[in-house]
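1. Return atomic coordinates for the entry below.
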Amino acid sequence: MALSVTPQETLLRSLFMAGLHAASPELCLAPHVPAAAAGRTIVVGAGKAAGSMALAFEKHWTGGNLEGLVVTRYGHACPTRKIEVVEASHPVPDAAGRQAAERMLAMMQGLSADDLVVCLISGGGSALLALPAPGISFEAKRDINMQLLLCGADIAEINCVRKHLSAIKGGRLAAAAAPARVLTLAISDVVGNDPATIASGPTVPDPSTLAMAREIVARYKLACPLEITARLADPAAETPKPGDPRLARGEYRLIGSPVASLEAASALAANAGYKVVNLGDGIAGDAHDVAREQAAMALAAKRRGEKTCILSGGETTVQVKGSGRGGRNTEYLLAFSLALAGEPGIFALACDTDGIDGTEDNAGAFYVPDHWDQAQSLGLSPADYLDNNDAYGFFQAIDALVETGPTLTNVNDFRAILIDPV
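-> Residues are numbered from 1 along each chain as shown. Sure, this is the predicted structure:
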């Protein structure tokens, strides 16, 4: 039986929605729509927000002719008129993503200095722009991508390998567009907002190297076929680096970030009478470790008798060992609830801002103290569910999943903890 809705749960959901609104493409893209070029204006892009970014771009475009193609996740398309939106698989690439990337790269051929390429980039673009480098099969690249997702590697490590196995990532898209001007408008989903990491940086120089990619493969003991081993050993496979003349006419603008979302939530929590502790958007590491650390912070605030809201963003990692369902946000929240064991006065929410936690149909979940007793009454063991990586199953059983559907933006994870001393 579902619990009655508490005021804290209502506020937690409102904090999350405030963060989503701050990252809306309609809100953050409009001021950056450029004037028309003397030649052609072509819009390309990739990511979970690519469809809504394309729609916002068209709405505010006042120039002449406009053409283009963006690729987004299944279920994230928008009804554009001039910029084609293609849907593909995420986080595991499929043929639709590969074909879209091929077409996008072909659109860069034969451009002149009078032409303008606008690249709309958001989180998820790495998997959606799935175009293997020459000599690498799509199946081999998809397999190494899956291994990277499951081994516990962080997003920078995953993208380092991806870029060196790609025909379009790591600056190669912009290099193909030369001598046209390239304007990138990006919504960040990565810690530190590194342009080379967001969607694997298809339009910016790549500071990572083949040697770094080989080290990551070795450290995580990834099984690589000969074609990938040979590619990573070939000096000619290095990505475009800073100073590459083909990228000289590129301009990069970060138009949306986790920081703005956390600031919006901070303001709302403060207005509700909470002391706000904003830990920032740089929280990374194992989801279990982060959960235990933040549970300890919440308990300390409660001991001090402080009505507190702890906010954080970033991207944790999960090493999958069990056979259950769930993404990193529900995994974090289940570890958080286990650390608290029903401690009264502490409430929390953890969601992915794209509305999809991992590969599931929920954005994340929320936690209230009564969930502990509810689980006990149903015979549910939080520890067993956590061991099986089945956080989705646990929160589904107690009716605590947060389901928004695709939000059409993506600024990574959003976590909020409310401490109401009793």
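2. Phi first, then psi, for residue 82.
-> phi -110, psi -30 (degrees, to the nearest 10).
3. who's in contact with the closest residue to it other than its chain neighbours?
-> Excluding the flanking residues, the one nearest residue 82 by CB to CB, 6 or more residues apart in numbering is residue 66, at 4.7 Å. The C-beta positions use only the backbone N, C-alpha and C, and glycine is treated the same way. Shown in contact with residue 66 (CB atoms under 8 Å, 6 or more residues apart in numbering): 41, 43, 58, 82-83.
4. Would you mind giving the domain segments of this structure?
-> Annotated domains of the chain cover 7-20+259-419, 26-256 [automatic domain parsing].
5. and those domains as a markdown table, adding mean pLDDT?
-> Below are those laid out as a markdown table (pLDDT from 0 to 100):
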| stretch | mean pLDDT |
| --- | --- |
| domain 7-20+259-419 | 95 |
| domain 26-256 | 95 |
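6. on that earlier part again, which of the contacts of residue 66 tops the neighbour count?
-> Among those, residue 43 has the most neighbours (other CB atoms under 10 Å), with 27 neighbours.
7. need the contact list for that residue.
-> 54, 57, 66-70, 83, 117-120.
8. just to revisit the earlier point, quick one, phi/psi of the residue nearest to residue 82?
-> Dihedral angles for residue 66 - degrees, to the nearest 10 - are phi -150, psi 140.
9. Who are the packing partners of the longest strand seen in the chain?
-> Counting by DSSP state E, the longest strand found in the chain is strand 308-317. For strand 308-317, the contact count by 3 or more CB pairs under 8 Å, 6 or more residues apart in numbering; DSSP states H and E identifies helix 258-271, strand 275-278, strand 283-286, helix 287-303, helix 328-340, strand 413-419 as packing neighbours.
10. Same list (the ones you listed) but as CSV, adding mean neighbour count and distance to residue 360.
-> Output for these, formatted as CSV (neighbours: other CB atoms under 10 Å; distance: least, CB to CB, whole Å):
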stretch, mean neighbour count, distance to residue 360
helix 258-271, 20, 21
strand 275-278, 16, 27
strand 283-286, 17, 20
helix 287-303, 19, 15
helix 328-340, 26, 8
strand 413-419, 27, 14
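11. quick one: which of the ones you listed is nearest residue 399?
-> Nearest of the helices and strands packed on strand 308-317 to residue 399, taken as CB to CB: helix 328-340 at 13.5 Å.
12. So which elements touch the closest one?
-> helix 287-303, strand 308-317, strand 346-352, strand 364-367, helix 370-377, helix 382-387, helix 391-397, strand 413-419.
13. does the closest residue to residue 34 other than its chain neighbours belong to a helix or a strand, and which?
-> Of all residues not flanking residue 34 in the chain, residue 183 sits nearest, at 5.9 Å (CB to CB, 6+ apart). Using DSSP states H and E, residue 183 sits within strand 181-187.
14. Can you name the residues bridging to residue 166?
-> Going by DSSP bridges, residue 166 is paired in beta bridges with residue 132.
15. err, residue 277, not the other one
-> Going by DSSP bridges, residue 277 forms beta bridges with residue 310.
16. I'd say it and residue 304 touch.
-> No: at 11.6 Å, residue 277 does not count as touching residue 304 under the criterion of CB atoms under 8 Å.
17. How many residues are close by residue 405?
-> Residue 405, neighbours per other CB under 10 Å, totals 12.
18. Which element, helix or strand, includes it?
-> Counting by DSSP H and E, residue 405 is part of no helix or strand.
19. Checking the closest residue to it other than its chain neighbours next. Helix, strand or coil?
-> Excluding its sequence neighbours, the residue lying closest to residue 405 (CB to CB, 6+ apart) is residue 355, at 5.6 Å. Here residue 355 is recorded as coil under DSSP: H, G, I helix; E, B strand; the rest coil.
20. Make a markdown table from the contacts of residue 43 and add distance to residue 163 and secondary structure to it.
-> A markdown table is the format used below for these (distance: CB to CB, whole Å; DSSP: H, G, I helix; E, B strand; the rest coil):
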| residue | distance to residue 163 | secondary structure |
| --- | --- | --- |
| 54 | 24 | helix |
| 57 | 26 | helix |
| 66 | 29 | coil |
| 67 | 27 | strand |
| 68 | 23 | strand |
| 69 | 21 | strand |
| 70 | 20 | strand |
| 83 | 25 | strand |
| 117 | 19 | strand |
| 118 | 21 | strand |
| 119 | 16 | strand |
| 120 | 19 | strand |
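21. Buried by neighbour count, from these: which ones?
-> 54, 57, 66, 68-70, 83, 117-120 (16 or more other CB atoms under 10 Å).
22. can you redo those as TSV with distance to residue 266?
-> Listed next are these as TSV, based on distance: CB to CB, whole Å:
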residue	distance to residue 266
54	30
57	29
66	37
68	36
69	37
70	32
83	34
117	36
118	32
119	31
120	28
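23. any chance you could map the helices in the stretch 51-200 of the chain?
-> Secondary structure of the stretch 51-200 of the chain (DSSP state H, counting those that start in this stretch): helices located at 95-107, 125-128, 138-150, 155-164, 172-177.
24. Pick the most buried one from those.
-> Mean neighbours per residue, mean count of other CB atoms under 10 Å, is largest over those for helix 125-128, with a mean of 29.
25. Counting by contacts, list what that one packs against.
-> strand 41-46, strand 67-73, helix 95-107, helix 155-164.
26. Quick one: work out the angle between the first one and helix 95-107.
-> In other words, strand 41-46. 150 degrees (axes from the mean of the first three to the mean of the last three CA atoms, to 10 degrees).
27. Right, I'll leave it there.
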